[in-house]
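Q: Turn this into a model:
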Amino acid sequence: MEGNVNVKHRLVQLPHFLLSNIINLLEFDIDRLCFALTCKRWLNERDSYLTLNHHNSLLPKVQSIEYIKGFCLISFKKQFEQSRNLAVKTRLKYAINGTNLHLISKSFIPKFKINTNDYFVFFDQIKDYFTIPKSVNLFYLHNDINLKLIYDAIAKSNVDTFIYNRCIQVLQPGALPPNIRTLKFYHNICPLQPGCLPPNLTSLTMSNPKTLQIGVLPESLEHLDLSNSGYINNDFLTVGTLPPNLRSITFDHHFQQQITREMLPSIRLETIVNLPRHSLGELPQCVTTVTLSAPKLMTPLPLPPLQAGEIPTTLTSLDFGFNCIDVDFALIPTSIKILNLGSVRQINHRNKLPESIEELSFGEGMNPVIKEGSNFIPKSVRKLVLPKYNHSRIESIPKGIEWFAFNHYCRIESIPDTVKLIRFDYKHLMDTTFTFEIRRLAADLYLIVGDKSTPFCGFVNSVFLNFSFYKKCTQITETFTK
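A: Okay, the predicted model is just below:
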């Protein structure tokens with residue numbers, strides 16, 4: 001969008017309200033900064049829409065970020081100052097075009113990520129008349145209250161996401177407005193009854209459900225997250241529990257119930273996270289993405305090695321998770337494009353990974369040795385993630401890699417021209433991990449942003465990355481851990 005020819009383009013002229021909504025969908029600050037750098041108008045008017053997630057309790061709360069060693073993006077100092085000095089104990093905060101609204105008590109202290117333009121409303125302010133701004137689409141209820149007090153306000157608003165921090169009441173049918181499509185229970189104690197969930201619900205997160213009766217989950221549901229349910233051995237799933245239109249389901253980390261093909265929807269289900277290894281053979285053909293659950297806490301080791309044909313050829317993405325399994329790479333089917341080896345141990349080093357893999361990640365149980373000219377990494381790989389804390393030996397980044405993540409134990413002498421994004425994790429002696437995101441903007445121009453734990457950022461060239469980056473990171477992290 002450069003030059004005067006695009007100055008009236010409808011994308012360039014997007015209102016600040018829409019730009020703010022787009023920004024709030026970007027998790028990492030480096031993506032938000034690159035968005036603002038995309039065109040001249042967005043950069044010039046950044047103060048009207050741009051916010052950052054760059055706040056962390058480890059950072060000193062100073063008034064002027066210009067005095068912080070390593071901060072070089074003076075053009076964005078206002079955004080960094082706002083995010084770092086975000087008040088945590090304040091009265092009603094009037095935001096501009098905020099998309100999130102928090103219903104809180106006066107003793108509220110946030111324990112999660114909040115945006116600089118979030119709305120905050122106290123419980124005692126909703127007794128008489130309560131309206132929700134049109135820009136809000138997420139409603140966060142931090143304590144249990146009579147839902148009748150907020151039902152009308154939510155039903156007349158644009159809210160489609162409802163987060164219920166602590167639900168101790170028994171939800172009656174129709175207690176939640178029908179416009180809610182995403183519902184998250186962080187601490188729900190009472191069992192859910194059939195008909196108590198909104199009829200148009202598409203995404204549900206639950207923790208500690210006592211049971212899942214048939215008919216509780218609406219047929220509209222597409223995404224179900226039970227990752228904090230506490231179910232490890234309980235046989236709480238039966239035939240008919242899961243709705244037919246489900247696309248993804250996430251079980252608890254140590255979930256080990258025997259899943260049969262009849263329990264799983266066979267039409268649209270694509271992703272299963274924390275699937276027990278012994279249920280791999282029960283997957284319907286529509287499932288393409290699987291993460292294996294961890295074995296039970298007292299499971300004797302070693303686990304049985306991977307067998308031929310154990311991985312279905314219908315899978316395109318596989319994450320071994322925390323399973324310490326002996327794996328012959330020749331047994332991984334060529335249908336796999338995304339592979340996380342997790343804690344597996346390679347056997348028969350003569351066999352290589354299939355050339356179909358495009359994204360490859362190594363878990364903490366592996367110490368890959370990557371030498372120049374070796375064929376250990378398939379040539380098809382475009383995204384490579386190394387273990388955060390292991391001593392991997394990397395003499396050079398393989399050519400063709402576009403996205404690369406590594407830790408401070410690695411020593412890398414050169415960066416290929418194909419690399420567009422680098423993530424670097426530096427673990428300090430005090431067990432604090434600092435993360436730096438590096439985005440290539442031009443042939444020899446990079447943008448570095450320290451992610452939340454350090455405000456170091458700026459523009460550098462490849463000479464800085466190749467020879468000075470590790471030393472510079474050491475100096476930066478020493479500043480913030482004194």
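Q: can I assume Phe251 is in contact with Ala294?
A: No: using Cβ atoms under 8 Å, Phe251 is not in contact with Ala294; the gap is 10.9 Å. In this view, the C-beta of every residue, glycine as well, is placed from N, C-alpha and C.
Q: Mutual contacts of those two, please.
A: Residues touching both Phe251 and Ala294 by Cβ atoms under 8 Å, 6 or more residues apart in numbering: Asn274.
Q: So which of these two has more stuff around it?
A: Counted by other Cβ atoms under 10 Å, Phe251 and Ala294 do not tie: Phe251 has more neighbours, with 24 against 21.
Q: which neighbours does the lengthiest strand in the chain have in its sheet, and in what orientation?
A: The longest strand of the chain (DSSP state E) is strand 433-442. Here strand 433-442 is paired, per DSSP bridges, with strand 421-427 (antiparallel), strand 445-450 (antiparallel).
Q: Pull out the buried residues from it.
A: Using 16 or more other Cβ atoms under 10 Å as the test for burial, strand 433-442 gives Phe434, Thr435, Phe436, Glu437, Ile438, Arg439, Arg440.
Q: One more: stretch 272-285?
A: Neighbour-count burial for stretch 272-285 flags Ile272, Val273, Asn274, Leu275, Pro276, Arg277, Ser279, Leu280, Glu282, Leu283 (criterion: 16+ other Cβ under 10 Å).
Q: Tell me, how many residues neighbour Ser380?
A: Applying other Cβ under 10 Å, we find 15 residues neighbouring Ser380.
Q: who are the neighbours in contact with it?
A: Going by Cβ under 8 Å, 6+ apart, Ser380 touches Glu355, Ser356, Ile357, Glu358, Gly400.
Q: So which of the buried residues of stretch 272-285 is the closest to Ser220?
A: Nearest to Ser220, judged by Cβ to Cβ, of the buried residues of stretch 272-285 is Ile272 at 19.7 Å.
Q: what's the following helix or strand after the host helix or strand of that closest one?
A: With secondary structure defined by DSSP states H and E, Ile272 is part of strand 271-275. Downstream of strand 271-275, the next assigned helix or strand under DSSP H and E is strand 289-292.
Q: Mind listing residues that contact that next one?
A: If you take Cβ under 8 Å, 6+ apart as the criterion, strand 289-292 is touched by 270-277, 280, 283, 315-321, 323, 338, 340, 342.
Q: Could you do stretch 161-181 as well?
A: Outside stretch 161-181, the residues that reach it (Cβ under 8 Å, 6+ apart) are 137-144, 147, 151, 154-155, 157, 159-160, 182-190, 192-203.
Q: ok, now with 6 Å
A: Around stretch 161-181, the neighbours that count as contacts under Cβ atoms under 6 Å, 6 or more residues apart in numbering are 138-142, 144, 147, 154-155, 160, 182-190, 195-196, 198-200, 202.
Q: cool, and stretch 216-230?
A: 192, 194, 197, 199-209, 243, 245, 247-252.
Q: That one: which residues count as buried?
A: For stretch 216-230, using 16+ other Cβ under 10 Å, the buried residues are Val216, Leu217, Pro218, Leu221, Glu222, His223, Leu224, Asp225, Leu226, Ser227, Asn228, Ser229.
Q: What is the most widely separated pair among those?
A: Pro218 and Asn228 (21.0 Å).
Q: so where's the stretch 1-150 of the chain shaky on pLDDT?
A: Residues of the stretch 1-150 of the chain that meet the criterion pLDDT under 70 lie in 1-8, 54-72, 82-97, 106-117, 127-129.
Q: Quick check: which helices or strands does the strand holding Ile272 pack against?
A: Packing partners of strand 271-275 (3 or more Cβ pairs under 6 Å, 6 or more residues apart in numbering; DSSP states H and E): strand 248-250, strand 289-292.
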